[in-house]
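Asks: Make a model of this:
(2 chains)
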2 protein chains.
Amino acid sequence: MKKKITIIGAGLVGSLLAVLLKKKGFTVDLLERRPDMRKNNISAGKSINLAMSVRGWKALELAGLRRDIEEIAIPMFGRCIHHTDGSTVFQHYGKNNEAIYSVSRGELNRKLMTLAEEAGVNIQFNQRITEVDIDRNEIYLENLDSGLTETRFQNDMIIAADGAFSALRNAYLKRDRFNYHQFYIEYGYKELHISPDDQGNFQLDKNALHIWPRKNFMLIALPNIDGSFTCTLFFPYDGSPSFNSIGNNDEAIHQLFETYFPDVIALMPNYINDFKNNPTASLVTVKCYPWTYSDKSMLIGDAAHAIVPFFGQGMNAGFEDCSTLMELMAEKGDDNWLEILPAYQEARKKNGDAVADLALQNFIEMRDLVADPIFLERKRIEKQIGLLYPQYFNSVYEMVSFSNTPYSYAIHCLKAQDELLANIMAEGAFDVLILQDAFKLKLEEMLKAYKTHVDAV
Amino acid sequence: MKKKITIIGAGLVGSLLAVLLKKKGFTVDLLERRPDMRKNNISAGKSINLAMSVRGWKALELAGLRRDIEEIAIPMFGRCIHHTDGSTVFQHYGKNNEAIYSVSRGELNRKLMTLAEEAGVNIQFNQRITEVDIDRNEIYLENLDSGLTETRFQNDMIIAADGAFSALRNAYLKRDRFNYHQFYIEYGYKELHISPDDQGNFQLDKNALHIWPRKNFMLIALPNIDGSFTCTLFFPYDGSPSFNSIGNNDEAIHQLFETYFPDVIALMPNYINDFKNNPTASLVTVKCYPWTYSDKSMLIGDAAHAIVPFFGQGMNAGFEDCSTLMELMAEKGDDNWLEILPAYQEARKKNGDAVADLALQNFIEMRDLVADPIFLERKRIEKQIGLLYPQYFNSVYEMVSFSNTPYSYAIHCLKAQDELLANIMAEGAFDVLILQDAFKLKLEEMLKAYKTHVDAV
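Replies: Modelled structure (predicted):
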């Protein structure tokens, strides 16, 4: 007899997981706090577009949904870096023309909900969880339509995909020996928007992730299928300039854009109102442990490991949780939660920690380093080395975005790669040296030593 | 018009603070979840005796309560280290015969409650807080006597002294940009007991903190005024031996004591039953920020900075929070909470972090290092140096326990002192060298360099 599973949260991970579990023959209830976003197009004005990469696609394929989602995804083959003088530089992400894929969060979520319902999942909206009794596996719900509070029984298994402020995790917080860490970076973000032009065309290269890196802050733009771009300004709360220093002052907002993003003003005529009307949202990282309780409940996605968006891996990491869970169910037996749950957290916790740290570090790369010619040169050399010696070297960025290499392995390579590339670049002009046999021998030795080192630790 | 202040938690810090605020002329309500411990002597069987030191006495003196508490405090002038073969070594804490003072938590709490009531504080027991609305400053209470839930109004100011699992802090947890970290060490503890002998006398030296250091775990014993000792076994949850490996097995408990604490068995004939019947309690560290909200509420003591007990500073740090708060009220104006609260968290947060880290580190010293003759030799040299060159050097232990030096300064000196003492000991036999003028000159140079270094950073 298959368990009756309740998934909390019909976001990206919850909706996808519902499809996967339904396909395995479970009865799946999906509880969602918000109203049905397909009927009420309520945007909080604080969305950041998603960058779907290999791990995301893998899980969608597992659910049989890859084709459906490809329809709403736009490949971005690299970063288009916008300097203050209006000049741009394009930097490929991959060495083999790989792409990450821009997807609107709202579009993707709506589509996944519909696909879940088509698979037979029962989604109940406007269900706010007031409490979870983790020993009895009871969820207390307030129906936001009726205002009624009711007690719900009969959850054989609760899976919380309810994001950074998870209700189940709040219940876990009261467990003895539950480790918990939530911390905010000193930056907030604000959604902005570039519309299509009069002919409905993209106003910027649609196959790039656009970055205006300004050392301590940055603006980014990701394409949407309607010809628009969803833009996000990542900006300090305090200091100068900052959200606090600028406030809601028209002139100060204008000055900010005039000084740092002059080329954007023409693309975004409404920027002053958008800046004033859209909320400033905060950026939290959450780490916790354990992620599971007995054979009764578990956390997945942001509920287990909320991260900052700078590596574009939040959704991908959550989808990879789903893939791993499916693999473990196949291995241990579909309903064998007493064995699945410990194996799941054992497999995923270290990767959740790693992707959280990778994401924090990548902010510095995006807002600062990509404007540095030496950094771009390093990236170019990395790709050549990866092409010449794939048996020894793959860049951390590529491991994360274009492979299923565990995040924990990728972050473990980070420092060794920094040292390796610094040493290689200290040898002289790479393009000249690489034509010399003596250098190639030396390079191969360096790469072998690097590989031995990272695989040994 | 003085504000009406509600203090949550009639523990050590809450009761003391109530006296201090009452003396300033505020109306003070003190809400306590538990029944009145003076009427119902309910022990949870998981108490650890307190070690009152300079910061604790300072705050008691401020409240005019020092004399009252001295009556129930026993000076401990040093550590008595018990080796496995039954031999003991005594190590003085201070260079001037300073002591820390053993106080039973229950005794102290009862006394402080009575002193608070005598000062005119209204303590309400059996009041469980179900929620705090931090914007309206409303506390929702469940009266555990009547089972009734009522809403309470009219808190001008809420001060949460409600410990490691603070209700106010739970409400803060939902604030945007609230940073929070709780983590448990991999050790639990169990209370044990050494009774007075037949004549009512102490069975061990009453003026020492007794330690049975066993590298990975330890037993400690602190005196009580009735001739008994409250003992605490700090022991790993997992591994071998551990709480999990031993479980509730009589023979395994016996083996543990036979092997590691043979001299204790005669003093503690009931140890097997105590081990089985007393709960295993966990050890949490909590760091968070901010500690205050507008001019409405604040966290104090363990609610702001729960720490592990290995430096005996939990209560002392909480009492020092009270002293600092009083100083700031005097400086800013007693009711000027808009200025007092930011200054309070600015002053105390770094010290809360520091004492938390100091406490974690001191576990290694207590359970392992104190059994090492080289470590004891270092401690002996430290004291001589402190006596000879007080203008340059005071040990971290003495700064923490016998001075009001900020914890943040003390922890900052830790590594520099490790290096300094290692260098001094590398010179050769200290007692011989210190008679030579050349060495004394060199030593003074080393100490000057140390002092310049720690004061510069």
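
Asks: alpha carbons only for contacts and neighbour counts from here, please
Replies: Will do.

Asks: residue ranges with poor pLDDT in the stretch 101-250 of chain A?
Replies: A:153-154 (pLDDT under 70).

Asks: If we use 90, what do you get?
Replies: Confidence mapping of the stretch 101-250 of chain A against pLDDT under 90 gives the ranges A:142-156.

Asks: Within range of chain B, give me the residues from it.
Replies: A:Asp176, A:Arg177, A:Phe178, A:Asn179, A:Tyr180, A:His181, A:Gln182, A:Phe183, A:Tyr184 (C-alpha under 8 Å from any C-alpha of the partner chain).

Asks: Can you select the buried ones from those in ChimeraX?
Replies: Buried residues among these (16 or more other C-alpha atoms under 10 Å in any protein chain shown), as a ChimeraX selection:
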select /A:177,178,179,180,181,182,183,184
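
Asks: So which of the residues of the stretch 101-250 of chain A next to chain B belong to strands?
Replies: A:Asn179, A:Tyr180, A:His181, A:Gln182, A:Phe183, A:Tyr184 (DSSP state E).

Asks: Would you map the helices across the stretch 151-300 of chain A?
Replies: Per DSSP state H, counting those that start in this stretch, the stretch 151-300 of chain A carries helices over the ranges A:167-172, A:243-246, A:250-260, A:262-265, A:271-277.

Asks: need the ones you listed in a markdown table with mean neighbour count, can you?
Replies: Conversion of these to a markdown table gives the following (neighbours: other C-alpha atoms under 10 Å in any protein chain shown):
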| stretch | mean neighbour count |
| --- | --- |
| helix A:167-172 | 21 |
| helix A:243-246 | 16 |
| helix A:250-260 | 15 |
| helix A:262-265 | 17 |
| helix A:271-277 | 16 |
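
Asks: Is it possible to get the ones you listed out as TSV so that each row also shows distance to A:Ala116?
Replies: Below are those laid out as TSV (distance: least, C-alpha to C-alpha, whole Å):
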stretch	distance to A:Ala116
helix A:167-172	22
helix A:243-246	40
helix A:250-260	42
helix A:262-265	39
helix A:271-277	34
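
Asks: for the ones in strands among the residues of the stretch 101-250 of chain A next to chain B, which one is nearest A:Val13?
Replies: Among those, A:Gln182 lies closest to A:Val13 (C-alpha to C-alpha), at 20.5 Å.

Asks: In contact with the nearest residue to that closest one once chain neighbours are set aside, which residues?
Replies: Nearest residue to A:Gln182, sequence neighbours excluded (C-alpha to C-alpha, 6 or more residues apart in numbering or on different chains): A:Val286, at 4.4 Å. By C-alpha atoms under 8 Å, 6 or more residues apart in numbering or on different chains, the contact set of A:Val286 is A:Ala164, A:Tyr180, A:His181, A:Gln182, A:Phe183, A:Asp302, A:Ala304, A:His305, A:Ala306, A:Ile307.

Asks: The same query, at a cut-off of 7 Å, please.
Replies: A:Ala164, A:His181, A:Gln182, A:Phe183, A:His305, A:Ala306, A:Ile307 (C-alpha atoms under 7 Å, 6 or more residues apart in numbering or on different chains).

Asks: again with A:Leu447
Replies: Counting by C-alpha under 7 Å, 6+ apart, A:Leu447 has contacts A:Tyr392.

Asks: quick revisit: between which two of the residues of the stretch 101-250 of chain A next to chain B is the distance greatest?
Replies: Farthest pair in those, by C-alpha to C-alpha: A:Asp176 and A:Tyr184, 24.6 Å.

Asks: looking at this, A:Ile48 is in a helix?
Replies: No. Counting by DSSP: H, G, I helix; E, B strand; the rest coil, A:Ile48 falls outside a helix, being coil.

Asks: what bridges to the closest residue to it other than its chain neighbours?
Replies: Among residues not flanking A:Ile48 along the chain, A:Thr232 sits closest, at 6.5 Å (C-alpha to C-alpha, 6+ apart). Beta bridges link A:Thr232 to A:Glu191, A:Ile220 when assigned by DSSP bridges.

Asks: pretty sure A:Thr232 contacts A:His193?
Replies: No. Between A:Thr232 and A:His193 there is no contact under C-alpha atoms under 7 Å: 8.2 Å.

Asks: And the pLDDT at A:Pro269?
Replies: On pLDDT, A:Pro269 comes in at 94.

Asks: number of nearby residues for it?
Replies: The number of residues packed near A:Pro269 is 13, by other C-alpha atoms under 10 Å in any protein chain shown.

Asks: Could you break chain A into its assigned domains?
Replies: Domains of chain A are assigned by automatic domain parsing as A:4-69+A:104-176+A:289-350, A:372-455.

Asks: Of those domains, which stretch is the most buried?
Replies: domain A:4-69+A:104-176+A:289-350 (a mean of 20; mean count of other C-alpha atoms under 10 Å in any protein chain shown).

Asks: May I have the distance across that one, first residue to last?
Replies: 29 Å (C-alpha to C-alpha, to the nearest Å).

Asks: What residues are bridge-paired with the residue of the stretch 201-350 of chain A found nearest chain B?
Replies: Of all residues in the stretch 201-350 of chain A, A:Ser282 sits closest to chain B, at 6.9 Å by C-alpha to the nearest C-alpha. For A:Ser282, the beta-bridge partners are A:Gly188 (DSSP bridges).

Asks: A:Phe183 versus that one, what's the distance?
Replies: Counting by C-alpha to C-alpha, the gap from A:Ser282 to A:Phe183 is 10 Å.

Asks: ok so, going back, in CSV, list the domains of chain A along with distance to B:Leu435.
Replies: Formatted as CSV, these follow (distance: least, C-alpha to C-alpha, whole Å):
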stretch, distance to B:Leu435
domain A:4-69+A:104-176+A:289-350, 56
domain A:372-455, 50
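
Asks: any idea how far stretch A:324-342 is from the chain center?
Replies: 25 Å (C-alpha atoms, centre = their mean, to the nearest Å).

Asks: who touches that stretch?
Replies: Against stretch A:324-342 from outside (C-alpha under 7 Å, 6+ apart): A:Lys2, A:Lys3, A:Thr292, A:Ser294, A:Asp295, A:Tyr344.

Asks: Just the closest of those residues to A:Pro262, please.
Replies: A:Tyr344 (48.6 Å).

Asks: What residues does the closest one make contact with?
Replies: A:Leu325.

Asks: Next secondary structure element downstream of the strand or helix carrying it?
Replies: Element membership of A:Tyr344, judged by DSSP states H and E, is helix A:337-367. Next along the chain after helix A:337-367, taking DSSP H and E as the criterion, comes helix A:373-388.

Asks: by how many degrees do that next one and helix A:337-367 diverge?
Replies: Angle, helix A:373-388 to helix A:337-367, by axes from the mean of the first three to the mean of the last three C-alpha atoms, to 10 degrees: 130 degrees.

Asks: Which strands and helices lie in contact with helix A:373-388?
Replies: On a contact count with 3 or more C-alpha pairs under 7 Å, 6 or more residues apart in numbering or on different chains; DSSP states H and E, helix A:373-388 meets no helix or strand.

Asks: Skipping adjacent residues, who's closest to the residue nearest in space to the middle of chain A in space?
Replies: Ranked by distance to the mean C-alpha position of chain A (C-alpha atoms, centre = their mean), the top residue is A:Gly314 at 2.4 Å. Of all residues not flanking A:Gly314 in the chain, A:Ile307 sits nearest, at 6.2 Å (C-alpha to C-alpha, 6+ apart).

Asks: mind checking the SS state of that neighbour?
Replies: From three-state DSSP, the assignment for A:Ile307 is coil.

Asks: Quickly note the distance from it to B:Gln345.
Replies: For A:Ile307, the distance to B:Gln345 - C-alpha to C-alpha - is 27 Å.

Asks: what do you get for A:Leu204?
Replies: Taking C-alpha to C-alpha, one finds A:Leu204 at 48 Å from B:Gln345.
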